[in-house]
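S.K.: Any chance you could fold what I've pasted below:
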Amino acid sequence: MNQWMPVKRYLLFVIISFTLSIAFEIQAAEDDYPNKAIQLIIPWGAGSASDLNSRILSPLLGEYFKQPFVVVNKPGAGGVIGHTFLAKSKPDGYTIGAVSSLFGVYLFTIKDVEFNLDSFVPICAFVKTPMFLLVKPEAPWKTFKDFAEDAKRNPGNLRYSTLGIASAANLVAVDLFKKGGIKVTHIPYAGTGDALGAVIGGHVDIAPSWGSSGYLKSGTLRALAVAERERLEDYPDIPTLVELGYPVVAFPIYGHSAPKGTPKNVLAKLTKGYLEILKTNKKSISAAVKKFDQIVIIMGPDEYYKQMKEDYENMKNTFLELQKNK
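M.R.: Residues are numbered from 1 along each chain as shown. As a prediction, the model looks like this:
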């Protein structure tokens, strides 16, 4: 039996050497990251919020990392196809993608999705979109508090529009009206443009909406409040729901994430690069994203994940409440 001991030792040595060589190769590849183009998956179509802000960042990222960041649109099923592709991509840092803090709505409104909140590892969040409560310019209410008092006097008579039942805007509205102790009738539409058009046309009284600064600046619609913690610099006269006594904050944040399992040192490189780019180019990026209703924020991975988790829990609880009251 002893005659086999040298063979066993040799085989053990070979196995250990092979394992270590693979580990060293992987580590070397990670330390050399990135050494080729990076795919930037956008789960929505061209012209969407994430597509626009990602195309502003991608050349800056390419310049910083000395490798191209190639924007790849994978729309479909409201964003599910792109998120599924990202979640299933090889976690090597060469496929990353856009993940909004409101993506969690898919997890309880769509059956059999192949990803969850922890399928993605946050890299950095960089913009947000404010939500306004919009009415016709000639509407009798000066603030949302006035609207709520009217709704209390006339339960169910006032109407609001969103782009659909269980959409993020609908869930925010349900939460807001519940906290305000009021009943407002929901009228769903096929899209945001239709929902806002219904307010303009007088078919409904109010609409919660993101991406509506064009309507405000043109005077086509007027905002009773904004769902932010503090008043916005560009709209100092619009009160927040919080200051009016309604603890509702609803601004989707947009950022980039990687598939679960992406090496920590690769993630750290990406986060460092994103943060440096945002801080160095904040003024020019702010001017660019402002054109489509976005505001630059700078959130590292921990804060980004915390916001996604918070938004997910809020929407999930509201969705369950909505289902219960059907």
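
S.K.: For the residue nearest the centre of the chain, name its beta-bridge partners.
M.R.: The centroid of the chain falls nearest to S100 when counting by CA atoms, centre = their mean (1.5 Å). Bridge pairing for S100 (DSSP bridges) gives the partners Y254.

S.K.: pretty sure it contacts S50?
M.R.: Yes. Counting by CB atoms under 8 Å, S100 touches S50, with 6.6 Å between them. C-beta here means a position set from N, CA and C on the backbone, and glycine is covered the same way.

S.K.: list the residues that contact both of the two?
M.R.: Y254 (CB atoms under 8 Å, 6 or more residues apart in numbering).

S.K.: Could you name the helices and strands sitting against whichever helix or strand E63 is part of?
M.R.: Assigned by DSSP states H and E, E63 falls within helix 49-65. Applying 3 or more CB pairs under 8 Å, 6 or more residues apart in numbering; DSSP states H and E, we find helix 49-65 packed against strand 38-42, strand 69-73, strand 95-100, strand 120-128, strand 253-259, helix 264-280, helix 282-290.

S.K.: For D31, give its distance to Q39.
M.R.: 21 Å (CB to CB, to the nearest Å).

S.K.: cool, K306 as well?
M.R.: Note on K306: its distance to Q39, by CB to CB, is 27 Å.

S.K.: more neighbours, the two?
M.R.: Set K306 next to Q39 and count neighbours by other CB atoms under 10 Å: Q39 wins out with 17 against 13.

S.K.: my guess is the more buried one contacts V72, does it?
M.R.: Yes. With contact defined as CB under 8 Å, Q39 reaches V72; the gap is 5.4 Å.

S.K.: what stretches of this structure score poorly on pLDDT?
M.R.: Scanning the chain for pLDDT under 70 picks out 1-30, 326.

S.K.: 80 - rerun?
M.R.: 1-31, 78, 211, 321-326 (pLDDT under 80).

S.K.: where do the helices sit along it?
M.R.: Here the chain has its helices, by DSSP state H, at 5-31, 49-65, 80-88, 106-109, 144-153, 168-180, 192-200, 213-218, 264-280, 282-290, 301-324.

S.K.: and this protein, what are its domains?
M.R.: Residue ranges for the domains of the chain, per automatic domain parsing: 33-127+253-321, 131-250.

S.K.: Run the chain-centre distance for the last one.
M.R.: For domain 131-250, the distance from its own C-alpha centre to the chain's C-alpha centre is 20 Å (CA atoms, centre = their mean, to the nearest Å).

S.K.: Figure out the length between the terminal residues of it.
M.R.: Distance between the two ends of domain 131-250: 6 Å, counting by CA to CA, to the nearest Å.

S.K.: now stretch 253-268
M.R.: This stretch, stretch 253-268, spans 20 Å end to end (CA to CA).
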